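Asks: Sharing a model prediction with you, sequence too.
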Amino acid sequence: MGNSGTIVHTTNGGQTWSPQTSGIQDTLRGVSFVDNSHGWVAVRTGKVLRTADGGATWTLHDPGTGGRGGFDVDFANTLTGLVGRQ
């Protein structure tokens, strides 16, 4: 994850990585996965990208942070998590 919505994805345990599109052009910050399928990425604008298929596809969500930039995400399970500033 990084600038201009860049996400890199691996399907072989990290031996090789491939860039993929997140669908947005903003800076991506913290990342949290609770299992092999469910993960979230904090977006600089305060929104969150979510995946339910191990990062193959991402969906943009607004967690209601009032537009304050998200710097980190931490999820305990697929339903409960925090988005905030460091």
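Replies: Yes, it's here.

Asks: Using the three-state scheme, assign Ser4.
Replies: Classification of Ser4 by DSSP: H, G, I helix; E, B strand; the rest coil places it in helix.

Asks: wait, doesn't it sit right on Thr21?
Replies: No: with contact defined as C-beta atoms under 8 Å, Ser4 does not reach Thr21; the gap is 9.7 Å. Yep, even glycine has a C-beta here, placed from its N, CA and C like the rest.

Asks: I'd say Thr78 and Gly39 touch.
Replies: No: contact criterion C-beta under 8 Å: Thr78 and Gly39 do not qualify, at 9.9 Å.

Asks: With neighbour numbers in mind, choose between these two.
Replies: Just comparing Thr78 and Gly39: by other C-beta atoms under 10 Å the higher neighbour count belongs to Gly39, 21 against 14.

Asks: What's the local residue count around the closest residue in space to Thr16 that isn't next to it in sequence?
Replies: Distances taken as C-beta to C-beta, 6 or more residues apart in numbering place Thr10 nearest to Thr16, at 6.5 Å, with adjacent residues excluded. Counted with other C-beta under 10 Å, the neighbours of Thr10 add up to 12.

Asks: contacting residues for Thr10?
Replies: Counting by C-beta atoms under 8 Å, 6 or more residues apart in numbering, Thr10 touches 16-18.

Asks: How is the most centrally placed residue in the chain assigned, secondary-structure-wise?
Replies: Closest to where the C-alpha atoms of the chain average out (C-alpha atoms, centre = their mean) is Val41, at 1.7 Å. Per three-state DSSP, the local secondary structure of Val41 is strand.
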